[in-house]
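>>> Would you be able to build a 3D model of this:
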Amino acid sequence: MTSILEQYERDTSRAPRGRISGINARPENVMGTTGFINMKLEEEPPIFTRQQVNFSPSHHLSHLVSGGNRIVLAMKNKMLLKIQIDPRTGGSKGSSGPEEIDLSKFAMHNRISGVFFDPTGRHLIVSVSEINREIPLVKWKGHLITAVGWNPRAARDDGTGSILVGTSRGLIFEAELGAEYEGFFSNSCELYWKQVADLGTGAGPVSGIELWVDPGLAGDQDRYCVVVTTINRLYQFVAKFSRDEKPLLGQVFAVTGDPGDKFQEFPSLRTAPMMQLPSSCLRLFRAGEVSSVPKYLAWVTDEGIFHAEIECKGESVIGAARLIPYPDGAGRPLSMALTEFHVILCYPDAVRGISSLNDQLVFEDIIISDNHGIVVGVSRDPHSRTLWAFAEMSVFRYTIKDESRDVWCIFMDQGKFDLARKYAETNRMATDAVTSCEADSLFSAGKFNESAVLYAKTQRSFEEITLRFMDESKREALRTYLRNKLDGLKAMEKPQSVMLVTWLLELELNAVGELRDASKFDEGATSSEEYLAAKEVVKKFLSLQTVKEAVSECKNVIYELLSSHGDSENLVFFAAEMRDFAKVLTHHITRGNYSLALDVLGKHGSVDAFYKHTAALLTAAPRQTVDLLIAQGRRLVPATLVSPIVAALTSAAELGDKDAEMMTIKHLLRYLNFCVESLDARDAGMHNLLVRLLASGASDLSELVAYLEGQGRDSASINYSAAYALRVCEETDYSRMSNQAEARKQLRAAKVIILAAMGLHEKAVDAALTGDPPDIAAAQAVADDSEEDDADRRKRLWLKIARRVVEGGGGSGGDVAAAAVAFLNRCPGGILKLEDILPFFPDFATIDHFKDAVCSALQDYSKHIEALQEEMEEATKSTELIRQEIAQFQNHYCAVGPEDECLVCGYPLVVEGFYVFPCSHKFHSECMSGELYPILGKDQQDRLNDIKRQLAAMHLRDETASVNSGGLSGFSRRDQLKAEKDEIVASQCLLCGDHMIESVDKSFIEDKDYAEAVRDWL
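Sure thing, here's the model as predicted:
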């Protein structure tokens, strides 16, 4: 048969589709302009959606109960239908249809007054006017059951466990049903029955019983809680027991005592006959399992729905409670169900839902149809949380979708912002609205700083919020808002970050300025302390990472702002925080804080900073600056510092303080000498500067001479410009020096060295011989250094020196002769003879003065003649030996037999043209040519290829004509080419000639063949 729970959609309460609507809208007076645009193409579906079950009962329905994914329907013909629900589809489980139970034979003339279903869906109790169950319960006879309190923790498949039963006479019994049985009902199921409480006279029938166990106590105790209601009274029974005990439920009442005066009463507007008593008017809501501690309680009274939070504290389980009025024009409902945030009420013509948070009617489903009949009741399955409603001829299932979606808005309107935020945490727009509303509330209450913190977390219009604080003149709150807004910006929002930082800094600086002005007129300590504290606030703000990241690309904006307020201290601090040490240096130097500038430059200065600020620092603090430059070592390029040093020298000269200028030059010489000696600097500009400073008179000129000597006299190796150095020496005024004679002497020595380095040896000698006395040693050194291959020039140089020696000797002729002879002895290699210098002597000089020198010269000539004669004799003998060897070679021969082989290819030698060498090595001409070809020069290789090409062409033409080419007359062109080929190829033996000797260091295996050779060996 077709399942009775095959459903079709009848969304009678669905809102119209197709229009654009905002979501979770809230009152306009709360929301300002936000950054959210909330639009959807259709409204969200309602929370409660009715779906009619495709089921038509044979008789009118009187009861519907649900639990454990099961529902039980009771019809007025005393027939029960039990249906198992598939939790995945919501339809009936299985294809066998509902289980039918006929009670008519046990209640022929009575009606079913109550159906009570275990929340776990395992046990069912049916109450009729006289018979309580299909199998009459003897002990229960005479009692009309009006309420059952199930104990989910004790329930099991074969029994109910201890339960509480309420009757129409206000009595409460503890009972237990159970037996081994097959099927839904069985015989002999009464295991226990005992009265545990009597609510007393005037209580009326019991309308609801709920019980649970709270395990949340400290120690090893559990709290047992029972709530009992009548038409207008609510009773509470609470008792604690050890967890090791398994108390009977009756003990809870025994511990509590007589319930006669322990109730909460609401006035009843009527006294209902027993048979018209609403069934189970007490409902609980559990957020967890059916055995967990409930969260809310709802009780139907004549005046409204008593709704309370469950708080198991002390002897009461009722926490915050209030009375929810019924909808307008509606009285006490027929039935009630409780969800987390709504109370569902059943009326004959409709099912209505009231928010348990704000008492508003949020849902009304009008059910008026002859096909349905009047609405009878509602039931909620605590296991599956499904809501069922039924009319006389129809069954409806209500789908609950996102019940908590608008809860945040209700809590927000009630000022419960923490709860509102909790339920709005998954909805950014809702969270923003809650935070905005709370901020508005704080603002209205005058808590401006607290509201500023919250405003910064919202998407409210920035202009709106700032203007509100400005209108109220709440500068501190405005700063708080801007700071928190800055912290909430993303890294990509650079323009907004810069704007907030500059505005915040402007506000802080204005506050500092006001306190500074106040401190000038008020000499009290309070204003001064506040001023210092405000400056510290600015410093802390500038040190924030968010601030530094925001203005990393526009630091100058902050610099200008700080400068405009005259806050140089924080300007330097911020520049250091941004690691903009160039700005710090510029600031210190501009204000003359050179010691601080040097400290910053030494610790954090970049190379470019050194090059930029060295000039100013050298002018102001030369010693400390030079010490710092030397400490940098090779980090700095000395050539790049030449321009700053020159600028510093110019500035020092312009100041007009000679002592300070000389001191600057002295320290600069220290650095330049360090660069030359330790860093091996070779830049010409730096060396020229060193020459200039050495010649300036700040140091002894001997240092200039020592430097020039150290550079040498080779024009290719000196690092300074010789022409510039010579000009500097010419321009040097030694007359202002303390020891003028020594200064003149040192300058002359410097000029000699420079001229010699320029290759102007004659001028160098002239410069050395100028003055009185002449520097003969310097002149001789220049002559010694002159180029040896130009003998004539060397002789001229030595002759100039000899003339100055002879002419400047003075005294008697003997002294002049002695000096001249001594000079001749010092001349290298006998470059000068006695006869070369005789013309320089005066006419009065006699031969007696040169007797020893003349004799020595004659002896030297005699020895030289004898050496030449010996060389001639040795040459004659060598010539004769060569002539004899030539004659011998003309008769020399070598025998070649058929067994002789080429040492290259191993084939017989006589099969083709060959070469035989005096060393007895034999090679085919082509083999030797091929072996020798790789080691020939490029020109020889080309010529050899050309000769082979011509010989091959002649062989083809068989050309034998003799061509007179101006070479070997009488030979043919072929013979000439062969002779030239032999000269190239066979000039020496391949194995023992020069070619083999030169290739002794070459590898036997070429690099390109090495890998292949290794593989062959492996």
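>>> what's the neighbour count on residue 760?
16 (other CB atoms under 10 Å). For the C-beta atoms, the positions are set from N, CA and C on the backbone; glycine is no exception.
>>> make that residue 577, sorry
Counted with other CB under 10 Å, residue 577 comes out at 16.
>>> OK, contacts around it?
542, 543, 548 (CB atoms under 8 Å, 6 or more residues apart in numbering).
>>> Is the first one in contact with residue 574, as I believe?
The one in question is residue 542. Yes - because the distance of 4.4 Å satisfies CB atoms under 8 Å, residue 542 is recorded as touching residue 574.
>>> Tell me which of these two has more neighbours.
residue 574 (27 against 24).
>>> ok, residues contacting stretch 714-728?
Under CB under 8 Å, 6+ apart, the answer for stretch 714-728 is 681-684, 687-688, 690-692, 695, 708, 711-712, 750-751, 754-755, 757-759.
>>> Ok, stretch 550-567 next?
Under CB under 8 Å, 6+ apart, the answer for stretch 550-567 is 486, 489, 494, 497-498, 500-502, 505-506, 509, 512-513, 535, 538, 542, 568, 570-571, 574-575, 578, 580, 583.
>>> Can you tell me which of the residues you listed end up in helices?
Secondary structure from DSSP state H places 486, 494, 497-498, 500-502, 505-506, 509, 512-513, 535, 538, 542, 568, 570-571, 574-575, 583 of the contacts of stretch 550-567 in helices.
>>> Identify the residue spatially nearest to the residue nearest in space to the middle of the chain, adjacent ones excluded.
By CA atoms, centre = their mean, the chain has its centre lying nearest to residue 491, at 12.4 Å. Of all residues not flanking residue 491 in the chain, residue 549 sits nearest, at 7.1 Å (CB to CB, 6 or more residues apart in numbering).
>>> you'd agree the one you found is up against residue 490?
No - counting by CB under 8 Å, residue 490 is not a contact partner of residue 549; they are 11.0 Å apart.
>>> Among the two, which residue is more densely surrounded?
With neighbours defined as other CB under 10 Å, residue 549 and residue 490 compare such that residue 549 has more, 14 against 8.
>>> Which secondary structure element is home to the more buried one?
helix 545-550 (DSSP states H and E).
>>> Mind listing what's buried along that helix?
Judged by neighbour count (16 or more other CB atoms under 10 Å), helix 545-550 contains these buried residues: 546, 547, 548, 550.
>>> Then stretch 642-659?
642, 644, 645, 648, 649, 651, 652.
>>> Filter those down to the ones in helices?
642, 644, 645, 648, 649, 651, 652.
>>> pretty sure the last one is touching residue 661, no?
Right, the one you point to is residue 652. Yes - at 4.4 Å, residue 652 and residue 661 qualify as touching, with contact defined as CB under 8 Å.
>>> what about the stretch 51-200 of the chain, any weak spots by pLDDT?
In the predicted model of the stretch 51-200 of the chain, residues 90-91, 94-97, 106-109, 129-138, 179-188 satisfy pLDDT under 70.
>>> Show me where it has its strands.
For the stretch 51-200 of the chain, applying DSSP state E, counting those that start in this stretch gives strands covering 61-67, 70-75, 79-84, 99-102, 112-117, 124-128, 145-149, 163-167, 171-177, 190-198.
>>> what does the stretch 901-1018 of the chain give?
Under DSSP E, counting those that start in this stretch, the stretch 901-1018 of the chain gives strands at 914-916, 922-924.
>>> deepest of the ones you listed, which one?
Stretch with highest mean neighbour count among these: strand 922-924 (a mean of 23; mean count of other CB atoms under 10 Å).
>>> Mean confidence (pLDDT) on it, please.
Mean pLDDT, strand 922-924: 89.
>>> Excluding its own residues, what touches that strand? List them.
896, 900-905, 907, 909, 912-916, 931, 990.
>>> Going by distance to residue 450, which of these wins?
Checking those against residue 450 with CB to CB, the nearest one is residue 931 at 102.2 Å.
>>> shaky segments in the stretch 851-1000 of the chain?
851-858, 861, 889-891, 958-971.
>>> if we can go back for a sec, please identify the one among the buried residues of stretch 642-659 that lies nearest to residue 773.
residue 649 (36.3 Å).
>>> so who does the closest one touch?
Here residue 649 is in contact with 661, 664, 665, 668 (criterion: CB under 8 Å, 6+ apart).
>>> Show me what the helix or strand hosting the third one is packed against.
Yep, that's residue 665 we're talking about. Here residue 665, judged by DSSP H and E, is contained in helix 658-677. Helices and strands touching helix 658-677, by 3 or more CB pairs under 8 Å, 6 or more residues apart in numbering; DSSP states H and E, are helix 607-620, helix 622-632, helix 642-655, helix 684-694.
>>> Please identify the most buried of these.
Highest mean neighbour count among the helices and strands packed on helix 658-677 (mean count of other CB under 10 Å): helix 684-694, a mean of 22.
>>> Which SSE is immediately downstream of that one?
helix 701-711.
>>> Outside of that next one itself, list whatever touches it.
Here helix 701-711 has contacts from 669, 676, 687, 690-691, 694-695, 717-720, 725, 734, 737, 742-743, 746-747, 749-750, 753-754, 757, using CB under 8 Å, 6+ apart.
>>> Measure how whichever helix or strand comes after it sits relative to helix 701-711, angle-wise.
Once helix 701-711 ends, the next helix or strand along the chain (criterion: DSSP H and E) is helix 722-731. Counting by axes from the mean of the first three to the mean of the last three CA atoms, to 10 degrees, helix 722-731 lies at 160 degrees to helix 701-711.
>>> residues near the spatially closest residue to residue 119 that is not a sequence neighbour, how many?
Spatial nearest neighbour of residue 119, excluding adjacent residues (CB to CB, 6+ apart): residue 290 at 4.3 Å. By other CB under 10 Å, 21 other residues sit near residue 290.
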